[in-house]
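[1] Could you work out the structure for the sequence below:
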Amino acid sequence: MPDPARLELAEFYFKEGHRLQASSDLDGAIAAYKRSIELYPTAEAHTFLGWAYSFQGQIDEAIKECEAAIQVDPDFGNPYNDIGVYLIEKGRYDEAIPWLERAMVARRYEPRHYPHMNMGRVLMRKGKYQEAIRELKLALEIEPNYTAARVELHKVLGLLN
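    All right, here's what the predicted structure looks like:
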């Protein structure tokens, strides 16, 4: 059973990391997430640490943190999607696909529409327009107000005209 005081302090540092990241203090956020992980490692803290690294262009470090998050909690879907996104950024589309698929079926994951949007982006880049349309429509079924998916859907439909 974890020490409640350590757990509370870890949560404080996680929230502080999120606050610092929202205010664009990435170095401060990274330090806070690392402190949270030292006190009590969570999938969320590793994932957000990876996200902060990605904002600094440290994509390999971001992927490592997401892999650590999956080790802590394989049911948490966010790191699967994030790894997919980081691989997309690196132009490694085929490698991104299984990560996005795992995010789609993860038991604990919000927002569920993101991996469908990201899969749509991959499929568009691979010239698989009908499949991309299907994924983008799924994203919009899950979240009808998701503007980014609507924009991507219009792009791919424009490619077919």
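[2] avg pLDDT for the host helix or strand of residue 52?
    Using DSSP states H and E, residue 52 sits in helix 43-55. When the per-residue pLDDT values of helix 43-55 are averaged, the result is 98.
[3] Go ahead and confirm residue 62 touches residue 46.
    No. Under the criterion of Cβ atoms under 8 Å, residue 62 makes no contact with residue 46, lying 10.2 Å away. (Glycine included, C-beta is placed from N, CA and C.)
[4] one step back: report the buried residues of the next helix-or-strand element following the helix holding residue 52.
    Where DSSP H and E defines the elements, the next helix or strand beyond helix 43-55 is helix 59-72. With burial defined by 16 or more other Cβ atoms under 10 Å, the residues of helix 59-72 counted as buried are 59, 61-66, 68-70, 72.
[5] tell me which of the residues you listed is nearest to residue 154?
    When the buried residues of helix 59-72 are ranked by distance to residue 154 (Cβ to Cβ), residue 59 comes first, at 28.4 Å.
[6] quick one: contacts of the helix holding residue 52?
    Contacts to helix 43-55, defined as Cβ atoms under 8 Å, 6 or more residues apart in numbering, come from residues 10, 14, 17-18, 21, 26, 29-30, 33-34, 36-37, 59, 61-66, 68-70, 72-73, 76, 78-79, 82, 86, 89.
[7] can you check stretch 104-112 too?
    The contact list for stretch 104-112 (Cβ under 8 Å, 6+ apart) reads 73, 75-78, 80-81, 103, 115-116, 119, 142-143.
[8] Quote the end-to-end distance of that stretch.
    End-to-end distance of stretch 104-112: 7 Å, with Cα to Cα, to the nearest Å as the criterion.
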